[in-house]
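Engineer: fold the following and give me the result.
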Amino acid sequence: ANGDTFTLDSYAHVPTGDPSGFGGVFYEVHLVGTIVMPAVTSSVGTVSPGATATGQKLSTPLMTKAQLTSAGVPSDPGIAAGTMCSGGCFDFKDTGVTAGATARIVLTLNAGIPKNAVFRKYNTTKHWSTFDTSKGDSVASAPLVGGLCPAPGATAYTSGLTTGNYCVELGIKDGGPNDMSLATGVIAELSGVSVVKS
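Structural biologist: Down below sits the predicted model:
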């Protein structure tokens, strides 16, 4: 799963008669690492960190609440205290999208979706609001499969935010109500999973 560490040791030999001239030579490979899944993937275009993440010198669209605060983004008053960006905040842009097309964008959360979750976005008026599904955009979720989120557009995604799932798929139309980019062919958003006030 994302963040897991691993050690891989491999012992082998070059096959006898190999054209390299090293046939029969034994060798060893020792790898130590951490699994890092892309925070955001898209069915179209190329995903990169958005302006806020870039301003914080981040190389990934995944941000913490503290990083947002440091960037001057205010807390979301519409959600329960302490639940803003459960599983991470995501600031991304998707470039190379066909004008007016809908991209399926998958966010890999670093925690399961909490109960009573909503998907919130920071809009161009510098206020938080709920992701707008009234004009064809969508929010869906899925569980991890083998430690990974299913690909954008996979049938594993079901409508809404299911408690415990780690994968969120957004359907965002270029130029639609949830696209914070004014440029044609670029979809941008700063958003995350939060919990509604009771």
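
Engineer: okay, and for this structure, where does confidence drop off?
Structural biologist: Where the chain drops to pLDDT under 70, the residues are 1-4, 34-38.

Engineer: residues contacting the residue of it most remote from its centre?
Structural biologist: What lies farthest from the middle of the chain is residue 17; by Cα atoms, centre = their mean that is 47.3 Å. With contact taken as Cβ atoms under 8 Å, 6 or more residues apart in numbering, residue 17 is in contact with residue 23. Every residue, glycine included, has its C-beta placed from N, CA and C.

Engineer: name the residues linked to the closest residue in space to residue 61 that isn't next to it in sequence by a beta bridge.
Structural biologist: In space, and not counting its chain neighbours, residue 61 is closest to residue 92: 3.8 Å by Cβ to Cβ, 6 or more residues apart in numbering. Per DSSP bridges, the residues bridged to residue 92 are residue 49, residue 189.

Engineer: from residue 60, how far off is residue 92?
Structural biologist: Per Cβ to Cβ, to the nearest Å, residue 92 is found 9 Å from residue 60.

Engineer: anything in contact with each of the two?
Structural biologist: 49, 53.

Engineer: which of those two has more neighbours?
Structural biologist: Remark: of residue 92 and residue 60, residue 92 carries more neighbours, 26 against 17, as counted by other Cβ atoms under 10 Å.

Engineer: surely that one and residue 51 touch.
Structural biologist: No: Residue 92 lies out of contact with residue 51 (Cβ atoms under 8 Å); the separation is 10.2 Å.

Engineer: mutual contacts of these two, please.
Structural biologist: Common contact partners of residue 92 and residue 51 (Cβ under 8 Å, 6+ apart): residue 188.

Engineer: related to what we said a few turns ago, the residue nearest to residue 61 and residue 106, how far apart?
Structural biologist: 11 Å.

Engineer: kindly report the same for residue 59.
Structural biologist: From residue 59 to residue 106 the distance is 19 Å (Cβ to Cβ).

Engineer: same deal with residue 188?
Structural biologist: Counting by Cβ to Cβ - residue 188 and residue 106 are separated by 16 Å.

Engineer: so those two - more neighbours on which side?
Structural biologist: Applying other Cβ under 10 Å to residue 188 and residue 106 shows that residue 106 carries more neighbours, namely 25 against 20.

Engineer: perfect, that will be all.
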